[in-house]
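> Below are the sequence and a predicted model for it; my questions follow.
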Amino acid sequence: MNPSLACTSVFLVVASLSFGFPAAAHGPSGHHDTAAAPQDEEAMKAQHARMGNFEEAMVALGKAVILGDKTGAGKQASRLTDALGGHEKDVPHKIVSRAREFQAFYGEMMKRSAKLAADAGTGNLRKTALSYGRVLEVCASCHENFRD
């Protein structure tokens, strides 16, 4: 198989999964009712709003890459890094004792999102697609550890 075609195929699978995965993960889950974190309802709402903005940027970025829109990919990658602002204060709703691990995921997300933005800024959609997948790895790992 052509390496370019293989890369595109992998990206399409990852992108397809990402469109449903984050949306389902950020919907109402009832976890606020049993939250153990020392934060109020407003802080939780703000945290969810930031993740919603991040999700929207990820979906738009994935679409831009699939459609070959280099300008759009760069714009959405910048939007993605902007959406992470404020997460450094977030704590998990549950398992508060693992707040450091939660923050480590945030740090890794920042690092990988910066790499994604740099790759998107070059206009190299192949590198952008690979970096996009690396960001999704952090999303999946964090949700596996901290979501209901």
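It's in.
> the longest helix in this protein is where?
helix 41-66 (DSSP state H).
> After that helix, which helix or strand is next?
helix 70-83 (DSSP states H and E).
> one step back: what angle sits between the longest helix of the chain and helix 70-83?
160 degrees (axes from the mean of the first three to the mean of the last three C-alpha atoms, to 10 degrees).
> tell me which residues in stretch 45-59 are buried?
46-48, 50-51, 53-59 (16 or more other C-beta atoms under 10 Å). Heads up, the C-betas are built off the backbone N, CA and C, glycines and all.
> now stretch 59-76
Under 16+ other C-beta under 10 Å, the buried positions of stretch 59-76 are 59-62, 64-66, 69-70, 72-76.
> Next, the distance between the ends of it.
Terminal residues of stretch 59-76 are spaced 9 Å apart (C-alpha to C-alpha, to the nearest Å).
> So which of the buried residues of stretch 45-59 is the closest to Phe102?
Relative to Phe102, the closest of these is Gln47; by C-beta to C-beta it sits at 10.9 Å.
> OK, contacts around the residue lying closest to the closest one once chain neighbours are set aside?
Distances taken as C-beta to C-beta, 6 or more residues apart in numbering put Asp90 closest to Gln47, at 4.9 Å, once the chain neighbours are dropped. Applying C-beta atoms under 8 Å, 6 or more residues apart in numbering to Asp90 gives the contacts 43, 47, 50, 102, 106.
> Does the helix or strand hosting the last one pack against any helices or strands, and if so which?
Counting by DSSP H and E, the secondary-structure element that holds Tyr106 is helix 99-122. Contact here means 3 or more C-beta pairs under 8 Å, 6 or more residues apart in numbering; DSSP states H and E; on that basis helix 99-122 packs against helix 70-83, helix 125-146.
> angle of the last one against helix 70-83?
It stands for helix 125-146. 30 degrees.
> Any buried residues in helix 125-146, and which?
So for helix 125-146, counting by 16+ other C-beta under 10 Å, buried means 125, 127-133, 135-136, 138-139, 142-143, 146.
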